[in-house]
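Colleague: Need the 3D shape of this:
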Amino acid sequence: MEDKSKYIIIIIRILLIGAFILAWELSARARLYNPLFTSYPSEILKDLIEFYTSGDLVKHTSVTLREAFTGLFYGTVFGVVIGLILGQFETLGKILLPIITAIHGIPQLTLAPVYILWFGLGLTSKIFLAALMVFFNVFFSTYAGVHNVEPKLIESAILLGAGKVQTLIHVVLPSSLPFILSGIRVGVGSSLVGAIIGEYIGASAGFGWMIAYASSFFNIARVMSCILILLLVGIFLNFSLDKIENYLLRWRAPTNLSMKHGKTVQ
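Modeller: Model prediction:
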């Protein structure tokens, strides 16, 4: 029954997307609005084919994804490590948390030109911006996860003779994992946003540069092609994170507000 419901949901989702694309195409061709501002699906498909055959698609995709993934990696590592350290050492956390919060309150878009000035127009400035945006998401999630660990678990580990490092690795980190993965999920989108913003400010390649370039010539089909590709990348990354989360948190029992249970105990 559960598999049947799953397939029904997928079919309904496909029908909704198909109906939206069809309505978009027909309304544009009927000139119900000016397609100059949004283009339409068949034109976007033609542009995607041209984008790919020219070799520009692979070039700009590789640049943006390299910046985003590198920033995601560094932002996640530093976010988890610093979040665990400040969560474990209360005094250090009280000193540094307000400073990190204040820096996080500064819109990174306003600082992007400064990062370009510091690190130049190459990949480094985009990676730094992407990593910084990921760092804040992962850090605050990790810090919250550490402070939500069940105290009785830590007490039990200490009573069993576990040291501080063992308690951190075997109790605190696994208990904080749902929070950390939630931060990484938000960080995936932030890494792409950081890379795109950096390319807007100053670059010679990447989707941010391509969108800015195409917009200046009113090539809306190319803009929508880039947005579509970024959308597909986001869907793939979130799908991958779902699989990783299901594997790492396979010990966690699913909960919801429904009163129904999969199995009834006799």
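
Colleague: now the helices for the stretch 1-150 of the chain?
Modeller: Counting by DSSP state H, counting those that start in this stretch, one finds helices in the stretch 1-150 of the chain at the ranges 2-29, 41-53, 56-88, 90-104, 108-119, 123-147.

Colleague: so what's the spatially most central residue of the chain up against?
Modeller: For the chain, V188 is the residue whose C-alpha lies nearest the centre (CA atoms, centre = their mean; 1.9 Å). If a contact means CB atoms under 8 Å, 6 or more residues apart in numbering, then V188 has 72, 234, 237-238, 241 as its contacts. (Glycine included, C-beta is placed from N, CA and C.)

Colleague: how does it look with 10 Å?
Modeller: 68-69, 72, 76, 134, 137, 233-234, 237-238, 240-241 (CB atoms under 10 Å, 6 or more residues apart in numbering).

Colleague: In TSV, list those along with neighbour count.
Modeller: As requested, these are arranged in TSV below (neighbours: other CB atoms under 10 Å):
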residue	neighbour count
A68	29
F69	17
L72	26
T76	23
V134	30
N137	23
V233	17
G234	13
L237	19
N238	12
S240	11
L241	15
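
Colleague: And those, which is closest to I8?
Modeller: If you rank these by distance to I8 using CB to CB, N238 comes first, at 21.6 Å.

Colleague: any idea how far that closest one lies from F135?
Modeller: 20 Å (CB to CB, to the nearest Å).

Colleague: next one: F119
Modeller: 16 Å.

Colleague: These two: who's more crowded?
Modeller: In terms of neighbours (other CB atoms under 10 Å), F135 is the more surrounded of F119 and F135; the figures are 26 against 16.

Colleague: wait, doesn't that one sit right on F73?
Modeller: No: shown here, F135 and F73 do not form a contact pair, counting by CB atoms under 10 Å, at 11.1 Å.

Colleague: any weak-confidence spans in the protein?
Modeller: Across the chain, the stretches falling below the confidence threshold (pLDDT under 70) are 1-3, 163, 251-266.

Colleague: Okay, domains of it per the record?
Modeller: According to automatic domain parsing, the chain comprises the domains 1-31, 40-248.

Colleague: Pick the most deeply packed of those.
Modeller: Mean neighbour count (mean count of other CB atoms under 10 Å) peaks for domain 40-248 among the domains of the chain, with a mean of 18.

Colleague: So for that domain, first residue to last residue, what's the gap.
Modeller: Its start and end residues considered, domain 40-248 measures 41 Å (CA to CA, to the nearest Å).

Colleague: Could you give the separation of it from the chain centroid?
Modeller: Centroid displacement of domain 40-248 relative to its chain, using CA atoms, centre = their mean, to the nearest Å, is 6 Å.

Colleague: And stretch 11-29, by the same measure?
Modeller: Here stretch 11-29 shows a centroid-to-chain-centroid distance of 26 Å under the convention CA atoms, centre = their mean.

Colleague: Any chance you could list what contacts it?
Modeller: Contacting residues not belonging to stretch 11-29 are listed as 32-36, 38-44 [CB under 10 Å, 6+ apart].

Colleague: Dump those to CSV, plus distance to Q166.
Modeller: Shown next, in CSV, are the contacts of stretch 11-29 (distance: CB to CB, whole Å):
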residue, distance to Q166
L32, 66
Y33, 63
N34, 65
P35, 63
L36, 63
T38, 57
S39, 58
Y40, 60
P41, 56
S42, 61
E43, 60
I44, 55
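
Colleague: Widest-spaced pair of those?
Modeller: Greatest spatial distance among those (CB to CB): L32 and I44, at 17.7 Å.
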